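Student: Sequence and predicted structure, then a few things I'm wondering about:
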Amino acid sequence: MLSFESVFNAFVTILVTIDPPGLAPIFLAVTRGMTHAERRQVSIRASIIGFCVLALFALAGSAILTMFGITLPAFRVAGGFLLFFIAFEMVFEKRQDRKEKISDVAITRDHIHNIAAFPLAIPLIAGPGAISATVLLSGSFPGWAAQATLVGILLACLAITYLVFVLSQSIDKWLGHTGRSILTRLLGVILAALAVQFVADGIKALAAM
């Protein structure tokens, strides 16, 4: 039986690694010149693709690891370090600069109708951090009922991301540069603490093997 704490921690981990508030200005940048209806279509498509990618890793993450001969505790340690690196970037505002560079490259190389898949869905929504977090969490959600709960958590996080995209223009004006900076740093600190917990649990499991 899953506890409320484990479900809540999973929700926070995935939501923070996706970072919808941080994606809002990027979404506005890559959809510049589009109408409200066109932006809504892009946000729906990007959210669906991102959900499908993360759901695949939630349901088949362990099988994918087994295929490559990787144990879950080892991946937990590696994923924890990766999440900590992402948290470091968020606290020192390096991640936003990297996202803006990705969006600039995509606009010049890809047709406007493909931006929902790249760069929005991959790698901004379903990026290395979100995929790593999803695979790590799948090991803590054994059984079909628990896996369904994890997929439900992913769906809730992607629904929030979709709403942020739809309301991005209003949210960006309301937060301002200072608000975005504070929120990103706060989420980064939370993610760093969760990453350390992942590493500690992984090392404990490796030591017991």
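Tutor: In hand now; what should we look at? Everything numeric in this text was worked out from a predicted model, so none of it was measured.
Student: Which helix or strand lies directly C-terminal to the helix or strand of the chain with the lowest mean pLDDT?
Tutor: Comparing helices and strands within the chain by mean pLDDT, DSSP states H and E singles out helix 94-109 as the least confident, with a mean of 53. Of the helices and strands lying after helix 94-109 in sequence (DSSP states H and E), the nearest is helix 128-138.
Student: Residues in contact with that following helix: which ones?
Tutor: 10, 13-14, 17-18, 53-54, 57-59, 61-62, 64-65, 75-76, 78-80, 82-83, 86, 147, 150, 154, 198 (CB atoms under 8 Å, 6 or more residues apart in numbering). The way it works is simple: take the backbone N, C-alpha and C, and place the C-beta from them, glycine included.
Student: Average pLDDT for stretch 127-138, rounded please.
Tutor: The predicted model assigns stretch 127-138 a mean pLDDT of 86.
Student: Now do that stretch: distance to the chain's middle.
Tutor: Here stretch 127-138 is found 8 Å from its chain centre; the criterion is CA atoms, centre = their mean, to the nearest Å.
Student: Tell me which residues are up against stretch 153-166.
Tutor: Here stretch 153-166 has contacts from 7, 10-11, 14-15, 18, 20-21, 23-24, 27, 39-40, 42-44, 46-48, 50-51, 54-55, 58, 125, 134, 171, using CB under 8 Å, 6+ apart.
Student: which residues sit in contact with the residue lying closest to Ala116 once chain neighbours are set aside?
Tutor: Spatial nearest neighbour of Ala116, excluding adjacent residues (CB to CB, 6 or more residues apart in numbering): Arg45 at 3.8 Å. Going by CB under 8 Å, 6+ apart, Arg45 touches 116-117, 121.
Student: Please repeat the previous calculation with a cut-off of 10 Å.
Tutor: Applying CB atoms under 10 Å, 6 or more residues apart in numbering to Arg45 gives the contacts 113-117, 120-121.
Student: Check the gap between the nearest residue to Phe51 once chain neighbours are set aside and Ala192 for me.
Tutor: Distances taken as CB to CB, 6+ apart place Leu158 nearest to Phe51, at 4.3 Å, with adjacent residues excluded. Distance of Leu158 to Ala192, given as CB to CB, to the nearest Å: 23 Å.
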